[in-house]
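Peer 1: predicted model and sequence follow; I will ask about them next.
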Amino acid sequence: MNFVIPKSERELKNEFSDDKCVLMAGGTDLLVKMRLGRIKPEKIISTLKIPTLHALGFDGDRITIGANVTYSELLDFKPIKEEFPILYDAILTVGSPQIRNRATLVGNIVNASPAGDGLLALYLLDASVELSDGKSYAISDFITGPGKIMLDQRQYVKNVFIQKSEWTHRYFEKVGQRTSMTISIASMGILLRLDGKRIDDMRLAFGSVGPTVLRMYEVETFAKGKDLNEKLLDEMSSMVFEKVKPIDDVRGSADYRRRLCRNLIYRMTEFL
Ligand SMILES: Cc1cc2nc3c(=O)[nH]c(=O)nc-3n(C[C@H](O)[C@H](O)[C@H](O)COP(=O)(O)OP(=O)(O)OC[C@H]3O[C@@H](n4cnc5c(N)ncnc54)[C@H](O)[C@@H]3O)c2cc1C
């Protein structure tokens, strides 16, 4: 097996010689898959020495996150905590400091797991993904199923963009078998703009309970314009119970996950 470290995107493109090569950023998903024998690449191309894939900037309106940017770099970047705190909350739960020092948000996107913690925040924030050929996709269009994305063999992800949006309240929770170094059994993220008791706007998403992260668009539309009260939470909770699509696996049964999501909605009680 070859391991190559191109220093520019031009060199990277030249290395994309055949179907048996894969890109590697932090390697925290890729190397696990290789070790389990799920993939057997003949060539690994590291992206880490390519400076143009390391953009990280905020222009007051939009944040740009390059493919090589690690979670630790994001956590240290002030605008993440100040302007996109739901992303900060979510990525703080990823693995351990060692994992966050290596792993990238783009790796989380390309891995396309419904349990991806960074992904959940990106769905909530309506992020978009820019590819090497200039095409860009909304995150929910880019990911089409578990591990399935809109990427051809010779394309790669360059940047993630997130437009700033205003929210008065936020909530993120990841329920796992332990408190750290855990994959979620279910996770929930909420962005809320309250005007007094009235819900001006809301975004709601769940992880690990469907083939992709699930944005609850119907629940969002239902809640908008209504007063946030116990009756509304009961109604939203019943809708969520019907709309999540969990499966049984080693971490939890579908039934447990569905009940968990129904109950997680009541975390909004703290905003009443
Ligand atoms: C111990 C441990 C704990 C973990 N905990 C969590 C957790 O709590 N939450 C969570 O969500 N995840 C967790 N993960 C999974 C993993 O760390 C994340 O998904 C991480 O974001 C992957 O990033 P990476 O840079 O390591 O990706 P890599 O492993 O380098 O790559 C992942 C995939 O992306 C592809 N790729 C990389 N860069 C590009 C590019 N520029 N363009 C196109 N394709 C590209 C690779 O070919 C590969 O298919 C954990 C992993 C480990 C080993």
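Peer 2: Right, received. Where do you want to start?
Peer 1: which parts of the stretch 1-150 of the chain sit against the ligand?
Peer 2: Applying C-beta under 6 Å from any ligand atom, one finds that the stretch 1-150 of the chain approaches the ligand through 22-30, 32, 47, 67, 93-95, 99, 102-104, 106-108, 110-111, 116-118. Every residue, glycine included, has its C-beta placed from N, CA and C.
Peer 1: put the buried members of those into a PyMOL selection.
Peer 2: Applying 16 or more other C-beta atoms under 10 Å to those, the buried members can be selected in PyMOL as follows:
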select buried, resi 22+23+24+25+26+27+28+29+30+47+67+93+94+95+102+103+104+106+107+108+110+111+116+117+118
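Peer 1: among the residues of the stretch 1-150 of the chain next to the ligand, which lie within helices?
Peer 2: Leu30, Val32, Ile99, Arg102, Val106, Gly107, Asn108, Val110, Asn111, Asp117, Gly118 (DSSP state H).
Peer 1: and the furthest pair within these?
Peer 2: Leu30 and Asp117 (17.7 Å; C-beta to C-beta).
Peer 1: ok, residues contacting stretch 65-75?
Peer 2: 25-26, 47-48, 50, 52-56, 80-81, 87-88, 91-92, 94, 97, 99-106, 118, 156-162 (C-beta atoms under 8 Å, 6 or more residues apart in numbering).
Peer 1: what about that stretch, how long is it end to end?
Peer 2: Stretch 65-75 has an end-to-end distance of 12 Å (C-alpha to C-alpha, to the nearest Å).
Peer 1: in it, what counts as buried?
Peer 2: Of the residues in stretch 65-75, Ile65, Gly66, Ala67, Asn68, Val69, Thr70, Tyr71, Ser72, Glu73, Leu74, Leu75 count as buried by neighbour count, 16+ other C-beta under 10 Å.
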